[in-house]
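Peer 1: Sharing a model that was predicted from the sequence below.
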Amino acid sequence: MEKLKDSIKIDDSIKKYWQEQAQQVAWYKKPETILSTNNDSWYDWYTDGELNSCYLALDYHVEQGRGEQTALIYDSPVTGQKQKFSYSELTSLVAKFAGVLRDQGVNKGDRVLIYMPMIPQAAIAMLACARLGAIHSVVFGGFAAHELAVRINDAEPTIIIGASCGIEIDKVIPYKPLIDEAIEIATHKPQHCIIYQREQAQATLIPSRDLNWQAQMDIAVEIPPVSVNSTDPLYILYTSGTTGKPKGVVRDNGGHAVAMLYSMKHVYGMHTGDVFWAASDVGWVVGHSYIIYGTLMAGCTTIMYEGKPIRTPDAGAFWRVCAEYKVNALFSAPTAFRAIGKEDPKGELLKNYDLSSLKRLYLAGERLDPATYYWLKDTTQLPVIDHWWQTETGWPIASTPLDDGHGNVVATKAGSAGFPIKGYDVQILDASGKQVPAGQQGSVAIKLPLPPGCLATVYRDPQRLISGYLSDFPGYYTSGDGGYIDEAGYLFIMGRIDDVINVAGHRLSTGEMEEVLSSHPAVAECAVVGIDDSLKGQVPLGLVVIKNGISASDEELISELKQSIRNDIGAIASLKNLVIIDRLPKTRSGKILRKTLRQMIDGEEIDIPSTIEDIQVITELSSRLVNINK
C-alpha cells in the first residue's frame, strides 16, 4: 500500500467530473484540491473544502425559502402516533439539541453514540452532532449489552443518547437497562447519558450521570452550524467483521455530501419537494444515507416509519404509507416484499390504496430474486429497480439508470442489479486478479479510486482497511461478493464469495439454486447452504418458506422443488435434503443468516450475531436441523 499512488492511475477526466458534481454543494469554502492521497496511504476527496452537513440538510433549505415545506414525517403504527416537521421546525429543534450537547461539553471531533428506536429524536440527535462537527455512531436500538459495550469501547463516546424503550409489534423493549449494563461492562465510561423518555416505558435515571432529554431542551439555546473540513469524519457506522470485532466504517463530510446529492438526483430521480421513503432504520447505512442525509440535503420530504411491512396491522402497511403521504419513490429490502407476498400473494390489499404518486420501487440489502421481482412488478405495475451497494460505499454501486441519457427508458433485468454507476469501475476478477469473460462468475471488485462518499478509513485501525478490502487484488477494492457481468453489461450479484460451494470439485452458486427454488409459485422465500459431506466435500441443502393458502402437501412440494433443481442446474446440484420451515433466521436488515444455518446443520458451536432479528427462530430451527447431516 506504500505504492498506492502508483496503483491508482487517476484520469484527469475523473477529477473534472467530480469537481463539477461538487458544485451542487453549498460549501463554506469551495475545494480546489479534488482528489489526493493521505498519510494512511489512502486518498481524500475535496481535502481543502469546508462545509457543514447539518447546514446542507436543514438551514440551507430554510434560507432558500422552503422553511414551511415538510422535512420529516413520523409514522408509528405500533404507537398510533403521527407527526410532521417542517424544515424550519426541524432546524430549530436540531439547533437546540446541539446546544444541549454543547452544554455537556461535546465539541468538534468528539464521538457521540446514539442508541434509539425509529423516532424523530434519533434524526434530531444525528443532525445535532453534525451541526457541532461531532462524530455520531448510531447503534441499532435493542442491540445486546455486550455488543453495545464493544462499540462503546471502540468509539469512546463522550455522550450516549438513548431512549427509554423501543416498541415491537407485541412488546415493549426497555433500552435503559441495556445501556446501563453496557456501560458497566465497557472499559470506557461516557460522561453522560441523555435519555428521551417514552410514555410506554419510563426509564430510571442515575442522578450523577443521566440527563432527561426534554428537561435539557427546555433550557437550551439554539446554536449555529460549525464549519468542518471536508475530510473530517461525519459518522462511524459499525459493520460485522470476520474477526468478531466490528469494523467502524468512517464517512467523511465533503465526499459524502457530493455523493448524497448526486445519487438522489441520478440514481433515485428525486427533486426538491418530492417525497422519498427509505423503509429502513437509522441504525443501518440506508437510514444514514436516505432517511436522513441524502433525502434532506436534496430538499425532499423523508419518512421515519416505526413499524413492519406486515402485522402493523397487515400486509397493506407499506401501501397505506405510500398513499397517505403521496410517496414518489419507495426503497426497501427484498425480504420486506417477500413477507408482504407471503401474507397477500395476490396483492389484494394493494387495491385499497391510491398509489398514483408512486413512480418507482427500489430494492437493496440482499439479492432480489427473479420471483420476487416479477411478483412485485406484476402486482404494482411499477418499475422495480434492484440496486447494489454496501455499508462501506455509503451509496449505490450499481443500478438501472432512469434513462439512457436521451430520454429513453432503460430496461431492468430480473436477477440483475443493473449497470455500474458513474464513478464505479466494476470488474469481475478470477483468483489471480485477471478479468474474466462476460457471463463468467468471479469476484466483484472495483478499480481504484472509489468515488466520493465511500469509506474514508476503518476507525482507529487503518491497517484493517488495507487487509480487509485492498490486499486481495492490488489497485482494487474487493467487495466480498461474487457475480458476473453479462454480454449486455448488466451486473449480477450472486451473493457473498463464501456462499459458493464445492460439490465433488464443481463450484456451484447457492444464489443460482435459490433463484430456481424461489421461482416456484408456492415459495415465499428460501435459502440454500452448503453442508459437509464425507464423499463430495459439500452438498447443498434447501430451506423453504411456503406462501399462505397453498393446498399442495409438503411431500409434493419437496418433490417438485428437487426436480426443478435437477432440471435447471443439473444432477450434480441435486439437493441432499430440502426442508420446509416457518421462518428463516435473519438480521434486522433482512439478510438471511446462512453462516448460522451452516453451523447448526454441521453441529458446530453457533455464533449468534448481534444483528439477529428474532433469536427464537434459531431455537426453533436448531433442533430440526442438527441431525439432518447425520
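Peer 2: That came through fine.
Peer 1: Low-confidence stretches in the stretch 251-400 of the chain?
Peer 2: Within the stretch 251-400 of the chain, not a single segment meets pLDDT under 70.
Peer 1: need the helices for it, in chain order.
Peer 2: For the stretch 251-400 of the chain, the helices defined by DSSP state H, counting those that start in this stretch occupy 254-266, 285-287, 294-297, 317-324, 334-343, 370-380.
Peer 1: list the contacts for Leu205?
Peer 2: The contact partners of Leu205, taken as CB atoms under 8 Å, 6 or more residues apart in numbering, are Ile195, Leu211, Asn212. The C-beta positions use only the backbone N, C-alpha and C, and glycine is treated the same way.
Peer 1: Of those, which is the nearest to Asp314?
Peer 2: Ile195 (33.3 Å; CB to CB).
Peer 1: Check for me that that closest one belongs to a strand.
Peer 2: Yes - Ile195 forms part of a strand when assessed by DSSP: H, G, I helix; E, B strand; the rest coil.
Peer 1: Do you know the pLDDT at it?
Peer 2: At Ile195, the model reports a pLDDT of 98.
Peer 1: OK, contacts around it?
Peer 2: Contacts for Ile195 were tallied using CB under 8 Å, 6+ apart; they are Gly162, Ala163, Ser164, Lys176, Ala203, Leu205, Asp210, Leu211, Asn212, Trp213.
Peer 1: Strands - which of these land there?
Peer 2: Counting by DSSP state E, the contacts of Ile195 place Gly162, Ala163, Asp210, Leu211, Asn212 in strands.
Peer 1: Type out the PyMOL command that picks the buried ones from these.
Peer 2: Here is the PyMOL command that selects the buried residues among the ones in strands among the contacts of Ile195 (16 or more other CB atoms under 10 Å):
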select buried, resi 162+163+210+211
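Peer 1: out of the ones in strands among the contacts of Ile195, which one sits closest to Ala333?
Peer 2: The shortest approach to Ala333 among those belongs to Ala163, at 23.7 Å (CB to CB).
Peer 1: hang on, the earlier thing: with respect to Tyr55, which of the contacts of Ile195 is nearest?
Peer 2: Tyr55 has its nearest neighbour among the contacts of Ile195 in Trp213, at 23.2 Å by CB to CB.
Peer 1: what about the closest one, how many residues close to it?
Peer 2: 20 (other CB atoms under 10 Å).
Peer 1: Please verify my assumption that it contacts Gln197.
Peer 2: Yes - when contacts are counted by CB atoms under 8 Å, Trp213 is listed as touching Gln197 (6.9 Å).
Peer 1: just to revisit the earlier point, just put the ones in strands among the contacts of Ile195 in JSON lines and tack on distance to Asp354 and pLDDT.
Peer 2: Shown next, in JSON lines, are these (distance: CB to CB, whole Å; pLDDT from 0 to 100):
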{"residue": "Gly162", "distance to Asp354": "38", "pLDDT": "98"}
{"residue": "Ala163", "distance to Asp354": "34", "pLDDT": "98"}
{"residue": "Asp210", "distance to Asp354": "46", "pLDDT": "98"}
{"residue": "Leu211", "distance to Asp354": "45", "pLDDT": "98"}
{"residue": "Asn212", "distance to Asp354": "42", "pLDDT": "98"}
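Peer 1: thinking again about what came up before, tell me which of the helices of the stretch 251-400 of the chain lies nearest to Thr70.
Peer 2: helix 294-297 (11.2 Å).
Peer 1: Contacts for that closest one, please.
Peer 2: Contacts with helix 294-297, where a contact means CB under 8 Å, 6+ apart, come from 53, 56-58, 61, 71-72, 127, 257, 260-261, 263-264, 270, 276, 278, 301-302, 395.
Peer 1: and that helix, how far from the chain's centre?
Peer 2: Relative to its chain's centre, helix 294-297 lies at 16 Å (CA atoms, centre = their mean, to the nearest Å).
Peer 1: Could I get the full set of strands for the stretch 501-630 of the chain?
Peer 2: 506-509, 523-533, 537-546, 577-581 (DSSP state E, counting those that start in this stretch).
Peer 1: Give the rounded mean pLDDT of the first one.
Peer 2: What that stands for is strand 506-509. Per-residue scores along strand 506-509 average to 69.
Peer 1: And for stretch 518-529?
Peer 2: Average pLDDT, stretch 518-529: 92.
Peer 1: now the end-to-end length of that stretch.
Peer 2: Taking CA to CA, to the nearest Å, stretch 518-529 runs 14 Å from one end to the other.
Peer 1: Could you list the low-pLDDT ranges of the stretch 101-250 of the chain?
Peer 2: 240-244.
Peer 1: Let me see the ranges of the strands in it.
Peer 2: 111-115, 135-138, 159-163, 165-167, 172-174, 192-196, 210-212, 228-229, 233-239, 247-252.
Peer 1: try the stretch 351-500 of the chain
Peer 2: 360-363, 384-386, 398-399, 419-420, 425-429, 442-447, 457-458, 476-485, 491-496, 500-503.
Peer 1: Next one: Asp218 relative to Lys96, how far apart?
Peer 2: 9 Å (CB to CB, to the nearest Å).
Peer 1: follow-up on the earlier one: closest to Asp533 out of the strands of the stretch 101-250 of the chain?
Peer 2: strand 233-239 (31.9 Å).
Peer 1: Met116: neighbour count?
Peer 2: So Met116, with other CB under 10 Å, has 27 neighbours.
Peer 1: ugh, typo on my part, it should be Val544
Peer 2: Neighbours of Val544 using other CB under 10 Å come to 24.
Peer 1: surely it meets Leu578?
Peer 2: Yes - between Val544 and Leu578 there is a contact under CB under 8 Å: 6.5 Å.
Peer 1: Mutual contacts of the two, please.
Peer 2: Leu561.
Peer 1: which residue sits closest to Ala259, ignoring its sequence neighbours?
Peer 2: Of all residues not flanking Ala259 in the chain, Gly453 sits nearest, at 2.6 Å (CB to CB, 6 or more residues apart in numbering).
Peer 1: check contacts around the one you found.
Peer 2: Trp45, Arg251, Gly255, His256, Val258, Ala259, Met260, Thr393, Gly394, Trp395.
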